[in-house]
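> Sequence and predicted structure below; questions after.
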Amino acid sequence: MNSPEINATIFDFDYTLADSSEGCVECVNFAFQEMGLATHSNEIIHRTIGLSLKETFVTLAGNQNIARGEDFARLFLQRADQVMVDRTVMFESARATITALRESGLRLGIVSTKYRHRIESVLERENLRQFFDVVIGGEDVEEHKPHPAGLLTAIQRLECSRTSTVYVGDSVVDAEVAKRAAVPFVAVLSGVTPAAHFDGYERIAILKDVSELPQLLLVSQCDQRIDGL
């Protein structure tokens with residue numbers, strides 16, 4: 001890996017560390033039903049996971065309904081308060097990966113459009129919250145991904161540089177965030193985005209899922225140290 005030594009790893013959340021697709025489908029279709037709009041299939045809604053609520057609504061309802069975006073967000077969040085945490089499952093590979101990276105001395109963070117309090121509730125349920133030095137959610141920034149504000153804020157709080165931080169995500173939105181922030185990017189294929197969609201983005205690697213991350217980062221760092229002897 002032709003980059004400075006990595007001091008921190010920041011993750012996206014949905015489809016990177018966890019699967020909240022069941023909860024997202026429930027919340028989107030609840031909102032659409034309450035608004036008298038046609039509901040959508042699981043597959044179509046899955047493609048919007050990771051987008052802001054505004055972008056999700058426009059993607060699913062079209063620009064002709066853009067004025068109703070606030071109603072959608074209110075109803076989505078109303079239902080999310082009831083079901084989202086319970087219907088979010090951490091990927092099996094997440095715990096071992098998080099533990100390995102933390103034990104190696106890396107600082108860890110999460111930057112997501114999902115609300116921070118929901119992410120933290122899932123992490124606390126799984127006894128993983130203590131591994132993360134910073135969690136930035138949708139309520140913490142005025143501009144959502146692909147705007148780099150959340151990622152840059154997390155790096156600042158970790159007291160790391162952009163070049164010594166890696167951002168890990170499953171979508172081209174995540175790749176665009178890393179590009180705009182000038183942060184090294186690692187793509188994972190644990191979501192619904194095919195590998196070919198990352199072709200237009202510079203990245204360190206494309207991995208099956210986060211289980212391959214410790215070998216990529218820790219072995220690469222070890223090689224760098226050996227080369228520097």
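Right, received. Where do you want to start?
> what about Val135, which SS state?
Using DSSP: H, G, I helix; E, B strand; the rest coil, the structure places Val135 in strand.
> so the nearest residue to it once chain neighbours are set aside bridges to which residues?
Spatial nearest neighbour of Val135, excluding adjacent residues (C-beta to C-beta, 6 or more residues apart in numbering): Ile110 at 4.7 Å. C-beta: built from backbone N, CA, C; applies to glycine. Per DSSP bridges, the residues bridged to Ile110 are Phe11, Val135.
> thought Ile110 was touching Asp140?
No. In this structure, Ile110 is not within contact of Asp140 by C-beta atoms under 8 Å, at 10.9 Å.
> Specify which residue of these two has the higher count of neighbours.
Taking other C-beta atoms under 10 Å, Ile110 and Asp140 do not tie; Ile110 has more neighbours (25 against 16).
> what's the more buried one in contact with, if anything?
Taking C-beta atoms under 8 Å, 6 or more residues apart in numbering, we find Ile110 in contact with 10-13, 17, 119, 132, 134-136, 154.
> which residues are contacting stretch 7-16?
Residues from elsewhere that reach stretch 7-16 (C-beta under 8 Å, 6+ apart): 17, 20-21, 24, 49-50, 101, 106-112, 114, 119, 134, 151, 154-155, 158, 160-161, 164-171, 174, 183, 188, 190-192, 210, 213, 217.
> Format the CA atom coordinates belonging to the helix or strand harbouring Lys54 as CSV.
For Lys54, the element it lies in under DSSP states H and E is helix 53-61. Extracted in CSV, the C-alpha atoms of helix 53-61 (Å, rounded to 0.1, in the frame of the first residue of the first chain):
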residue,chain,number,x,y,z
LEU,A,53,-33.8,10.9,3.7
LYS,A,54,-34.3,13.8,1.3
GLU,A,55,-32.4,11.9,-1.5
THR,A,56,-34.2,8.7,-0.6
PHE,A,57,-37.6,10.3,-1.0
VAL,A,58,-36.7,12.0,-4.3
THR,A,59,-35.2,8.8,-5.7
LEU,A,60,-38.4,6.8,-4.8
ALA,A,61,-41.1,9.4,-5.3
